[in-house]
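# show me the folded form of this:
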Amino acid sequence: MADEKPKEGVKTENNDHINLKVAGQDGSVVQFKIKRHTPLSKLMKAYCERQVSLTWQP
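This next block holds a predicted model:
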């Protein structure tokens, strides 16, 4: 496992941010840019709030 090389298209730079794409069960995709030390619970809360706001638009 230590000899594994990064996959093509994956950046291995030491950046402070992570770009994520979260795919929902309905096929929707939401993109987030978070810091490396951000707790997963904060990402999950933001995702849920965004899904609710998309559902309740007048």
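
# low-confidence ranges in the protein?
1-7, 9-13, 57-58 (pLDDT under 70).

# ok, which stretches of it are helices?
40-55 (DSSP state H).

# quick one, strands of it?
In the chain, the strands defined using DSSP state E lie at 17-23, 29-35.

# in CSV: the ones you listed, plus distance to residue 55 and mean neighbour count.
C-beta here means a position set from N, CA and C on the backbone, and glycine is covered the same way. Formatted as CSV, these follow (distance: least, C-beta to C-beta, whole Å; neighbours: other C-beta atoms under 10 Å):
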stretch, distance to residue 55, mean neighbour count
strand 17-23, 16, 11
strand 29-35, 13, 12
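
# make CSV out of the ones you listed and add distance to residue 44.
Converted to CSV, these look like this (distance: least, C-beta to C-beta, whole Å):
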stretch, distance to residue 44
strand 17-23, 9
strand 29-35, 10
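
# closest one to residue 8 among these?
strand 17-23 (16.8 Å; C-beta to C-beta).

# distance of the spatially closest residue to residue 31 that is not a sequence neighbour from residue 14?
Leaving aside its sequence neighbours, residue 31 sits nearest to residue 21 (C-beta to C-beta, 6 or more residues apart in numbering; 5.3 Å). Residue 21 sits 21 Å away from residue 14, going by C-beta to C-beta, to the nearest Å.
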